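Visitor: starting from these lines, generate the structure:
(one chain, ligands or ions: 1)
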Amino acid sequence: MPDLETLWQYICDEFKTKLSTISYNTWLKAVKPIAFSSQTLIIEVPTALHKDYWKANLSKQVVSLVADSIGQTITVIAKLPDEPNPLTSGLSNNRIQKNTKLADSRPTFMRETKLNEKYTFDTFVIGKGNQMAHAAALVVAEEPGALYNPLFFFGGVGLGKTHLMHAIGHQMLTNNPQAKVKYVTSEAFANDFINSIQTKRQEEFRKEYRSVDLLLVDDIQFFADKEGTQEEFFHTFNALYDDKKQIVLSSDRLPNEIPKLQKRLVSRFKWGLSVDITPPDLETRIAILRNKADADDLDIPDDTLSYIAGQIDSNIRELEGALVRVQAYSSMTHLPISTSLAADALKNLKLNGKSNEISISVIQDKVAKYYHISIGDLKGKKRVKNIVIPRQIAMYLARELTDASLPKIGHEFGGKDHTTVIHAHEKISGALNTDSELQREVNDLKSKLKK
Ligand SMILES: Nc1ncnc2c1ncn2[C@@H]1O[C@H](COP(=O)(O)OP(=O)(O)OP(=O)(O)O)[C@@H](O)[C@H]1O
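Guide: Sure, this is the predicted structure:
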């Protein structure tokens, strides 16, 4: 029998020729061989999804590979870093194994969303917060409709959900150039649907959406409140699912947390796999900046990249924006990029911009507490004065103190129309000119928020 190192090296060499580089890096390189004895190979994998995929797929391939080459039947067990080694912990293999469960005829009225060519697996930096999402994305790109259907990404703004969705599309097209891949935001889906009704082309709409091999729908939290669209999407979903076509969805929260999403959709979205993406740690942020700097041919010292990565910690879009800002500042001042230049550039950003730190939910929280009402009421539809005024104040503050768009603010207030937000803003701005009590309250709230 070979020793652990020789066996693992042999397995890696074999898989290197069988798998694409991305797959190899994801499934083999990210794995640590732990032990090999009693014909049992123990490997350590980084996420539950890796474990699942090894169990469903790779373990069998390794077993037959080893059987073919040395004529021995081995068992492969994947464990997570915080799980004990089954060979030394006394757990039987059975028990461990049981626990590892886990186009061209397009109608013209439908917008064509091209995949962004920059959003590929190659340009995606893998870190702790997105490792599982990345692995799941790779599985559905390689084996669409088979294992995780639908695949549901959820997580905060600007953390790479859209990037991964496009990457799945690209990868699937690389594997099968004939595949029909469709990426839309939930709003585009809703608009297409409404247009199809208005132009009496519902048949074409259905044909378009139900004939794809991969449907990617981004930001489905915006389905809230759109009854007819949800109904139509339910049928689209069923048709594709029954046909074993892959569906990938994203949202800023879990399906059951999306307000006014029909129960039957919530339950269908849970049929597959939901994976969250959490903000990247410092090393990942530095790696993302390094990649971007290299791609743009920018010469930036490491300590400067670390500095920028240290300034922005929760949103990769903003992180990239900060780099662009530093770059622009350097060409404006004709000075090379350095840490002190970056500090200047980003200091200006903070002074110029509206505060990035105040979020709509913080405003809602403070306003609700201030007026002793619930956040539910603030987001709700009750028309009584002691709720309507705080609601309008909260919308006014969201408009004044954040960069959120009108539709986004409306959405955060229980899915209200953007015209409601405009109305609230006008009403409060107007009243502030004459009502000193209101002035005091709004100023009070502003200073609480800016603390
Ligand atoms: N892991 C990563 N590696 C490299 N770039 C990344 C990574 N994650 C995100 N980005 C980049 O950050 C930016 C924002 O990502 P993306 O648009 O995918 O976020 P999102 O989660 O879809 O946000 P939203 O909720 O606003 O739709 C993009 O330019 C994307 O390429």
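Visitor: I'd guess Leu261 is in a helix, am I close?
Guide: No. With DSSP: H, G, I helix; E, B strand; the rest coil as the criterion, Leu261 is located in coil rather than a helix.
Visitor: how many other residues sit next to it?
Guide: A total of 20 residues lie near Leu261 under the criterion other CB atoms under 10 Å. (Glycine included, C-beta is placed from N, CA and C.)
Visitor: Ser20 now?
Guide: Neighbourhood size, Ser20 [other CB under 10 Å]: 15.
Visitor: so Asp296 touches Val326, yeah?
Guide: No. Counting by CB atoms under 8 Å, Asp296 stays clear of Val326, with 11.4 Å between them.
Visitor: okay, the two: which has more neighbours?
Guide: Between Asp296 and Val326, counting by other CB under 10 Å, Val326 is the more crowded of the two (27 against 11).
Visitor: in which helix or strand does that one reside?
Guide: Following DSSP states H and E, one finds Val326 within helix 316-333.
Visitor: Ala167 versus Ser374, what's the distance?
Guide: Applying CB to CB, to the nearest Å, the value for Ser374 to Ala167 is 41 Å.
Visitor: before we move on, what about Thr6?
Guide: Counting by CB to CB, the gap from Thr6 to Ala167 is 35 Å.
Visitor: check Gly272 too.
Guide: Taken as CB to CB, the span from Gly272 to Ala167 is 18 Å.
Visitor: between these two, which one's more packed in?
Guide: Under the criterion of other CB under 10 Å, the comparison of Gly272 against Ala167 puts Ala167 first, with 24 against 20.
Visitor: can you verify that one is assigned to a strand?
Guide: No. Assessed with three-state DSSP, Ala167 is helix; it does not lie in a strand.
Visitor: residue boundaries of the strands in the stretch 51-200 of the chain?
Guide: 75-79, 151-155, 181-185 (DSSP state E, counting those that start in this stretch).
Visitor: so which of the ones you listed gets nearest the ligand?
Guide: strand 151-155 (6.3 Å; CB to the nearest ligand atom).
Visitor: outline the domain layout of the protein.
Guide: Using the TED database, the domain parsing of the chain gives 4-79, 121-276, 282-351, 360-450.
Visitor: is any part of the last one close to the ligand?
Guide: No. Residues of domain 360-450 are not located near the ligand by CB under 6 Å from any ligand atom, the shortest gap being 9.8 Å.
Visitor: quick one: average confidence on that domain?
Guide: Mean pLDDT, computed over domain 360-450, is 91.
Visitor: centre of the chain to that domain, how far?
Guide: Relative to its chain's centre, domain 360-450 lies at 28 Å (CA atoms, centre = their mean, to the nearest Å).
Visitor: the helix holding Val326: which residues count as buried?
Guide: The neighbour-count check on helix 316-333 (16 or more other CB atoms under 10 Å) flags 316, 318-319, 322-323, 325-327, 329-330 as buried.
Visitor: out of those, which one sits closest to Val63?
Guide: Nearest to Val63, judged by CB to CB, of those is Ile316 at 39.3 Å.
Visitor: which residue does this structure have closest to the ligand?
Guide: Proximity to the ligand, evaluated over the chain using CB to the nearest ligand atom, is greatest for Gly160 at 2.7 Å.
Visitor: low-confidence regions, the stretch 101-250 of the chain specifically.
Guide: The stretch 101-250 of the chain contains residues with pLDDT under 70 at 101-113.
Visitor: enumerate the residues of it near the ligand.
Guide: Counting by CB under 6 Å from any ligand atom, the positions of the stretch 101-250 of the chain adjacent to the ligand are 119, 123-125, 130, 157-163, 219.
Visitor: show me how to select, in PyMOL, the buried members of the residues you listed.
Guide: In PyMOL syntax, the buried subset of those is picked out as below (16+ other CB under 10 Å):
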select buried, resi 119+124+125+130+158+159+160+161+162+163+219
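Visitor: make JSON lines out of the residues of the stretch 101-250 of the chain next to the ligand and add distance to Gly71.
Guide: Shown next, in JSON lines, are those (distance: CB to CB, whole Å):
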{"residue": "Tyr119", "distance to Gly71": "46"}
{"residue": "Thr123", "distance to Gly71": "43"}
{"residue": "Phe124", "distance to Gly71": "40"}
{"residue": "Val125", "distance to Gly71": "42"}
{"residue": "Asn130", "distance to Gly71": "41"}
{"residue": "Val157", "distance to Gly71": "55"}
{"residue": "Gly158", "distance to Gly71": "53"}
{"residue": "Leu159", "distance to Gly71": "48"}
{"residue": "Gly160", "distance to Gly71": "45"}
{"residue": "Lys161", "distance to Gly71": "47"}
{"residue": "Thr162", "distance to Gly71": "49"}
{"residue": "His163", "distance to Gly71": "45"}
{"residue": "Asp219", "distance to Gly71": "53"}
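Visitor: from the residues of the stretch 101-250 of the chain next to the ligand, which ones fall inside helices?
Guide: 161-163 (DSSP state H).
Visitor: please identify the buried residues of stretch 304-320?
Guide: For stretch 304-320, a neighbour-count test (16+ other CB under 10 Å) marks 304-309, 311-312, 314-316, 318-319 as buried.
Visitor: which ones, among those residues, also lie beside the ligand?
Guide: Filtering the buried residues of stretch 304-320 for neighbours of the ligand using CB under 6 Å from any ligand atom leaves Ile316.
Visitor: hey, where'd the helices end up in the stretch 51-200 of the chain?
Guide: With helices called from DSSP state H, counting those that start in this stretch, the stretch 51-200 of the chain shows them at 59-70, 86-89, 93-99, 131-142, 161-175, 186-198.
Visitor: mind checking how far the fifth one is from the chain centre?
Guide: In this view, helix 161-175 has its centroid 13 Å away from the chain centroid, taken as CA atoms, centre = their mean.
Visitor: with the second one instead?
Guide: Averaged C-alpha coordinates place helix 86-89 at 36 Å from its chain's average position (CA atoms, centre = their mean).
Visitor: and it, what other elements does it pack with?
Guide: On a contact count with 3 or more CB pairs under 8 Å, 6 or more residues apart in numbering; DSSP states H and E, helix 86-89 meets strand 32-37, strand 40-44.
Visitor: tell me who's in contact with Pro171.
Guide: For residue 171 the amino acid is Gln, not Pro. Counting by CB atoms under 8 Å, 6 or more residues apart in numbering, Gln171 touches 22, 120-121, 138, 141-142.
Visitor: and those, which is closest to Glu208?
Guide: Nearest to Glu208 out of these is Ala141 (CB to CB; 21.9 Å).
Visitor: the most centrally placed residue in the chain and Leu151: what is the separation?
Guide: Nearest to the mean C-alpha position of the chain, counting by CA atoms, centre = their mean, stands Lys161 at 2.6 Å. According to CB to CB, Lys161 stands 11 Å off from Leu151.
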